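Participant: Give me coordinates for this.
(2 chains)
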Number of protein chains: 2
Amino acid sequence: MKQISRRSFVQNFGLGIGATALLPSLVSFAPFAEQIPEKYNGKKLNIALCGLGRYATILAESFVDSNYCHLAGIITGTPAKAEKWKKQYAIPEKNIYNYDNFDSIIKNKDIDLVYIVLPNGMHKEYTIRAAKAGKHVIVEKPMAFTANDCQEMIDACDTAGVQLAVGYRLHYEPNHLEIKRLGQEKVFGAMRLIEVSLGYSLDGIPPTDWHLKKVLSGGGPLMNLGVYCVQASRYVLGEEPIAVTAQFGTKTNPELFTEVEESITWQLQFPGGATATSSSAYNCNIDRLYAAAENGFFELSPAVSYGPFRGRSSNGEFNFPIINQQAAQLDGIGKLILENKKLPNHISGEEGLKDMKVLEAIYKAANSGEKVMIT
Amino acid sequence: MKQISRRSFVQNFGLGIGATALLPSLVSFAPFAEQIPEKYNGKKLNIALCGLGRYATILAESFVDSNYCHLAGIITGTPAKAEKWKKQYAIPEKNIYNYDNFDSIIKNKDIDLVYIVLPNGMHKEYTIRAAKAGKHVIVEKPMAFTANDCQEMIDACDTAGVQLAVGYRLHYEPNHLEIKRLGQEKVFGAMRLIEVSLGYSLDGIPPTDWHLKKVLSGGGPLMNLGVYCVQASRYVLGEEPIAVTAQFGTKTNPELFTEVEESITWQLQFPGGATATSSSAYNCNIDRLYAAAENGFFELSPAVSYGPFRGRSSNGEFNFPIINQQAAQLDGIGKLILENKKLPNHISGEEGLKDMKVLEAIYKAANSGEKVMIT
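Facilitator: The predicted structure is shown next:
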């Protein structure tokens, strides 16, 4: 059985029909252009990455394209990784922490923000510890396991007087800013239906991988991938869902998926009359979004992965530049924190909490077989 | 509010990304090419169209491209239509019937087959009357309102010794033959997920239209459009679903949709482990199919409308010729009947009955909010 890695999957998608549409366009995209000016020579925001897994590496590489952020420190439990990263990214010894001495980061004035890229199950603890150390926090999605946990994290950051952001990179991506605009401004009339799904195959993954362990992942594809679909449904509509139904898929590999779901489908009912339906899976590849309104449609495919995205509406093809999503996100956040400004709502802890409420309701609906109202 | 007609919607889709992929290809497609030879000069199958609505007109035009079938007669309750069609298609007076004298068609040796294009609620009665008159029958989808009705129709045709086909045109369309092959032959490994949806806006339709009247339509978009999605899910997998969950969408226009659903979503669980999720709607336009297997994917968009279709798999773009779907269907059926051969299972009354069982289960699930097992 051939394994399709996430990377090759994304590349396959990018080389399909209309690949020419992927070439960077020179058409200006004002809101995006404003976020990343040509040149910035002021003080950069010093960030420490906490947890040095696969996504931390993607983030580390993206600092090259960042104007406002600097990779200043790391937190890791693996001495060999510390050594490797120290050399590769020129991290000063004094900015390297492990999980035992992490709290002493409070004394380190050369770290402004801790970016938590740990397995989901450690997000809450390390967000709270970073906040108590007086550091701003970016925490990866899903923010935590429950809405209550999210609230504790928000409270801890408020108490400490630091800012908290969730790693919602798509709020800085031009195709996503466009579908948000098309949906929320009702450019094609009232929204009726959103289909948005994300899955990738974990075929070949070691059974010990944290994604398969509930205590570390909090759940299966819904927690890790489905959160993007819930996010997208919410920001295209600009509404909160009022009810949800959901169904677990058949476990085709019960040996691997002993603790978390292998696949799941769900349906969100929104107060404006729209329905959003989604699939999320660890047993196949899917990455697409279609949104239908009274008088037109818009779609992205690839849709919510790392891209590059391809989009169009009933008015024609999108033609946005391909960007470094991670760098755009870092700069969007970094610039505001440097200017002592409040981060926008759409990447806030409160936003992560809203998603978590929906994820909890989806699991409840799938487990009970009943429609669950979201209050 | 701008109305988007089904035709302009289909055209919009065809003019999107990758429009060049729509140009007819000279690549031969053996199974299809065999069905329509260059030239045939033998006796043609004489067909009478029963019900002269919009789709009957599409069928009438398609006879021009048909090698084996001839538009020989009509059955209509509207004298003005009879007059118009008589002139336009050179229909002999003796081959024109109304609903009162229809049964006397038994004496007419110049009609071999009656193609029933009436509102859904009349399919059963006219199939049985045509069979009793000794005529072969093609009945449009959905075959009837219930599986029991379908069985009665099958029995009537068996008793009369005539053949019964359901108007499943997509079994003659090369993109659909390809996705059927890719799925059933497990070209990309075991199938995991199918997303297939069809909807079009009825905005602007007169409230008196038969699609809105339950006694004539049997239901809303599920009956009329969703049947394509159920069909496609079944023939891509080559399996029968074992369980279904379903949800009605919010009625945004309760004045129009007093008798039938405005939109609906459903999920089919298949014995091989795959899930098929679908949306069908009369309040927006959607027409897409995506199928994910262990090691690859394939998709069509447009998918199950009148096309032209655009497809690709994880191995690259499809490049099939654009065909006249209706002519291909007529010829596929006509040739076999002329040769006194049994029609294939995939367009048979039994196939229509299997779909109807699923449609009934979907309505039951949507009405009860419970998972419904299909036996």
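Participant: can you list contacts of stretch A:198-217?
Facilitator: For stretch A:198-217, the external contacting residues (CB atoms under 8 Å, 6 or more residues apart in numbering or on different chains) are A:1, A:3-4, A:6, A:9, A:119-122, A:220-221, A:223-226, A:228-229, A:255-260, A:263, A:279-287, A:303-305, B:193, B:292, B:294-295. Heads up, the C-betas are built off the backbone N, CA and C, glycines and all.
Participant: Show only the entries of those found in strands.
Facilitator: Secondary structure assignment by DSSP state E places A:263, A:279-281, A:286-287, B:193, B:292 of these in strands.
Participant: ok so, going back, in PyMOL, how would I select the buried members of the contacts of stretch A:198-217?
Facilitator: Of those, the buried ones go into a single PyMOL selection, burial set by 16 or more other CB atoms under 10 Å in any protein chain shown:
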select buried, (chain A and resi 4+9+119+120+121+122+220+221+223+224+225+226+228+229+256+257+260+263+279+280+281+282+283+284+285+286+287+303+304+305) or (chain B and resi 193+292+294+295)
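Participant: mind listing what the residue in the stretch 51-200 of chain A that chain B sits nearest to touches?
Facilitator: The minimum distance from the stretch 51-200 of chain A to chain B, using CB to the nearest CB, falls at residue A:192 (3.8 Å). Counting by CB under 8 Å, 6+ apart, residue A:192 touches A:273-275, A:292-294, B:249, B:252, B:263, B:281, B:283-284.
Participant: The nearest residue to residue A:241 once chain neighbours are set aside: neighbouring residues, count only.
Facilitator: Spatial nearest neighbour of residue A:241, chain neighbours left out: residue A:268 (4.0 Å); criterion: CB to CB, 6 or more residues apart in numbering or on different chains. If you count neighbours by other CB atoms under 10 Å in any protein chain shown, residue A:268 ends up with 27.
Participant: for residue A:268, which residues make a bridge with it?
Facilitator: For residue A:268, the beta-bridge assignment (DSSP bridges) gives partners residue A:244, residue A:276.
Participant: Distance to residue A:233 and pLDDT for the contacts of residue A:192 - can I get that in TSV?
Facilitator: Output for the contacts of residue A:192, formatted as TSV (distance: CB to CB, whole Å; pLDDT from 0 to 100):
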residue	distance to residue A:233	pLDDT
A:273	14	98
A:274	8	98
A:275	9	98
A:292	13	98
A:293	14	98
A:294	18	97
B:249	14	98
B:252	17	97
B:263	16	98
B:281	16	98
B:283	17	98
B:284	15	98
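Participant: could you dump those residues to CSV with distance to residue B:73?
Facilitator: Shown next, in CSV, are those (distance: CB to CB, whole Å):
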residue, distance to residue B:73
A:273, 46
A:274, 47
A:275, 44
A:292, 40
A:293, 44
A:294, 41
B:249, 41
B:252, 43
B:263, 38
B:281, 36
B:283, 38
B:284, 38
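Participant: Relative to residue A:178, which of those residues is nearest.
Facilitator: Comparing these against residue A:178 with CB to CB places residue A:293 closest, at 14.0 Å.
Participant: Just give the number of residues close to the residue nearest to the closest one when sequence neighbours are not counted.
Facilitator: Spatial nearest neighbour of residue A:293, excluding adjacent residues (CB to CB, 6+ apart): residue A:188 at 3.7 Å. For residue A:188, the count of nearby residues is 23 (other CB under 10 Å).
Participant: Contacts only, for residue A:188.
Facilitator: With contact set as CB under 8 Å, 6+ apart, residue A:188 has these partners: A:182, A:293-298, A:313-314.
Participant: repeat that for 10 Å
Facilitator: By CB atoms under 10 Å, 6 or more residues apart in numbering or on different chains, the contact set of residue A:188 is A:182, A:291-298, A:313-315, B:2, B:4, B:284.
Participant: farthest pair in the residues you listed?
Facilitator: A:291 and B:2 (17.4 Å).
Participant: Look at those two and report which has more neighbours.
Facilitator: Set residue A:291 next to residue B:2 and count neighbours by other CB under 10 Å: residue A:291 wins out with 28 against 11.
Participant: Just list whatever residues bridge to that one.
Facilitator: Beta bridges link residue A:291 to residue A:194, residue A:298, judged by DSSP bridges.
Participant: I am assuming it contacts residue A:277, so please confirm or correct that.
Facilitator: No. Using CB atoms under 10 Å, residue A:291 makes no contact with residue A:277, being 11.3 Å away.
Participant: Can you pull the residues that touch both of the two?
Facilitator: Common contact partners of residue A:291 and residue A:277 (CB under 10 Å, 6+ apart): A:193-196, A:233.
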